[in-house]
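J.: A structural model of the following input is requested.
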Amino acid sequence: MTTEPSGVELPDTGRDDDGRPTVGQHDDGRTAIGQPETTARPAVTHPDEPHTDGLAERLNWLRAGVLGANDGIVSVAAVAVGVAAATSQTGPILTAGLAALVGGAISMALGEYVSVSSQSDTQKALIAKEKAELAAMPREELAELAQLYEAKGLSPATARQVAVELTEHDALAAHLEAELNIDEDGVVSPWHAALASAVAFTLGAVLPLAAVLLIPEPWRVGATFVVVLAALAGTGWIAAWIGDAPRVRATARVVVGGALALGATFALGSLLGTTAAG
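T.: As a prediction, the model looks like this:
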């Protein structure tokens, strides 16, 4: 605001008495750094796209869950169908199906635990290393951060300013994101991942096992095929929907793989059953 000799305040137009922009202003109202002088946060231009924190962790959980469920469906169904093709007795089918369920769930949990533990240990080591470097040589780390943003296309001055502001806000988070593309809060617990995989495998395995045990003999194998392929189509579609991937392609990929597995074990079971009977 400016004040006339009469004491009346006039709105500040951002220009001097000769009509020229004042210091820090351009003719189009931008500030000296070339951005509109505003404190409003920019609107999200794509509200349907995921912009929330923890997206990578959510996708990891999705991957583990879908992988476990699909493995449970296909593995147990393949074993049960193979045994059902060799014999019509319920006892061997139940024994083989339960053995496949228990062994598969433990195997999935163990594999996920080992995999996530290795990833978690690596992430923790990198985070500790970055913390030590920030404490020992903060100036060098600031210069490195500025160079990283400059390499992404920012001008040296802008890259330096961005590095300074991010360092003042959260130096460790800025360096982890720019240098290593990891998040300190995004380290996944191996125990949680193992439990999720085991539960997902078990839930997936129960469906084909129940189908092959409860459906009468004349329709047992055929109905189990239908149930299993429908379940695989459901998990494939859900995974594609959550991950915003092509639905038809993802669903077809899972269904075709499951059909091949069931067909192979059914053919093997039929061959062995015929050989044993002969």
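
J.: biggest helix in the chain, by residue count?
T.: As assigned by DSSP state H, the longest helix anywhere in the chain is helix 90-136.

J.: Give me the residues contacting the helix or strand following that helix.
T.: With elements assigned by DSSP states H and E, the helix or strand that comes after helix 90-136 is helix 138-151. Residues from elsewhere that reach helix 138-151, judged by Cβ atoms under 8 Å, 6 or more residues apart in numbering: 133-134, 156, 158-160, 162-164, 166-167, 171, 174-175, 178-179. Every residue, glycine included, has its C-beta placed from N, CA and C.

J.: How about stretch 111-131?
T.: Residues from elsewhere that reach stretch 111-131 (Cβ under 8 Å, 6+ apart): 64, 68, 172, 175-176, 179-180, 182, 184, 187-191, 193-194, 196-197.

J.: Show me what counts as buried in it.
T.: 112-113, 116-117, 119, 123, 127, 130 (16 or more other Cβ atoms under 10 Å).

J.: now do stretch 243-261
T.: Neighbour counts over stretch 243-261 (16+ other Cβ under 10 Å) mark 250-251, 254-255, 258, 261 as buried.

J.: Over to stretch 195-207?
T.: 196-202, 204-205, 207.

J.: Could you export those residues as JSON lines, including distance to Leu271, pLDDT and secondary structure?
T.: Formatted as JSON lines, the buried residues of stretch 195-207 follow (distance: Cβ to Cβ, whole Å; pLDDT from 0 to 100; DSSP: H, G, I helix; E, B strand; the rest coil):
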{"residue": "Ala196", "distance to Leu271": "37", "pLDDT": "87", "secondary structure": "helix"}
{"residue": "Ser197", "distance to Leu271": "33", "pLDDT": "88", "secondary structure": "helix"}
{"residue": "Ala198", "distance to Leu271": "33", "pLDDT": "92", "secondary structure": "helix"}
{"residue": "Val199", "distance to Leu271": "35", "pLDDT": "93", "secondary structure": "helix"}
{"residue": "Ala200", "distance to Leu271": "32", "pLDDT": "92", "secondary structure": "helix"}
{"residue": "Phe201", "distance to Leu271": "28", "pLDDT": "94", "secondary structure": "helix"}
{"residue": "Thr202", "distance to Leu271": "30", "pLDDT": "95", "secondary structure": "helix"}
{"residue": "Gly204", "distance to Leu271": "27", "pLDDT": "93", "secondary structure": "helix"}
{"residue": "Ala205", "distance to Leu271": "25", "pLDDT": "94", "secondary structure": "helix"}
{"residue": "Leu207", "distance to Leu271": "26", "pLDDT": "92", "secondary structure": "helix"}
